[in-house]
Structures are given as structure tokens and as C-alpha cells.
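Enquirer: Pasting the sequence and the predicted coordinates here, then a few questions.
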Amino acid sequence: QVQLVESGGGLVQAGGSLRLSCAASGSISSINNMGWYRQAPGNQRELVAHITSGGRPDYADSVKGRFTISRDNRKNTVFLQMNSMKPEDTAVYYCNADIWAYYSGRYRRSEYWGQGTQVTVSS
């Protein structure tokens with residue numbers, strides 16, 4: 001089927017930067033929207049940013065001007081460049097994608113999630 005594999009999380013000081021990557025693999029026909037969500041302890045999962053197949057981005061108000069989402073359609077990969085990071089950005093970040101894939105004899109459209117990567121911003 002399809003897997004989303006994230007990388008790039010870690011520990012950074014306030015004001016610093018991190019870049020997350022998420023690569024989709026499997027019997028992929030096409031990928032529609034791709035996005036990043038995050039979940040801090042005790043909080044609900046929230047949308048950080050998403051990007052259409054045509055490259056149009058959209059951001060949560062809390063990250064506008066600091067984070068940039070991009071994608072490489074040839075590599076089925078989405079990126080999240082995080083600058084001017086704040087302690088409140090600390091969370092597990094999850095990749096999400098809306099994918100048409102071929103398995104069990106036909107094409108199927110499903111939503112997929114990555115395993116999550118921890119991002120910690122120290123003050």
C-alpha cells in the first residue's frame with residue numbers, strides 16, 4: 001500500500017530553525033493535498049499547513065510568516081521549513097496526504113498519516 005515516512009524533527013532553541021520532510025512511497029497514482037499537523041500534550045491535533053497538488057499553500061495563523069510548506073511532486077515529498085521557532089511550537093508533527101493508490105485490484109483514494117516526529121523548542 002502506501003507509507004508516509006517523516007524525518008527532521010529534534011530539539012532546537014527558541015528563534016532557531018528546523019526542516020521536516022515526509023516522503024510517500026508505495027503504489028501511488030497521484031497525490032492531492034499534502035499537509036502537516038501537530039499535537040502537543042493535552043491538546044487536540046491541529047492543522048499547521050497544507051499544500052495543494054498545484055502548490056498553493058495555506059497556513060494556520062499561529063505559524064504564518066514563520067513556516068513554509070513546499071512539495072516535490074516528482075519525489076512524492078512534502079517539506080515544512082520552520083523558522084523563528086517558539087516554545088509553543090513544541091509538539092509531535094504528523095504528515096498527512098490524500099493519495100490515489102493501486103492495491104487489491106483497483107485504484108483507491110485514501111487519507112494517510114505518518115508516524116509522527118517530535119519537535120521540541122527550548123526557551
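Expert: Alright, I've got the coordinates. Numbers count the residues shown, from 1 in each chain.

Enquirer: who are the neighbours in contact with E46?
Expert: Y37, R38, Q39, A60 (Cβ atoms under 8 Å, 6 or more residues apart in numbering). Where C-beta positions appear, they are placed from N, C-alpha and C, glycine not excepted.

Enquirer: And the strands in this protein?
Expert: 2-7, 10-13, 18-26, 28-39, 46-51, 57-59, 67-72, 77-82, 91-103, 106-113, 117-122 (DSSP state E).

Enquirer: So which of those strands has the densest surroundings on average?
Expert: strand 77-82 (a mean of 22; mean count of other Cβ atoms under 10 Å).

Enquirer: which strands and helices sit next to it?
Expert: strand 18-26, strand 28-39, strand 46-51, strand 67-72, strand 91-103 (3 or more Cβ pairs under 8 Å, 6 or more residues apart in numbering; DSSP states H and E).

Enquirer: of the ones you listed, which approaches Q118 most closely?
Expert: strand 91-103 (5.5 Å; Cβ to Cβ).

Enquirer: ok now the closest one, how far from the chain's centre?
Expert: Relative to the centre of its chain, strand 91-103 is centred 8 Å away, using Cα atoms, centre = their mean, to the nearest Å.
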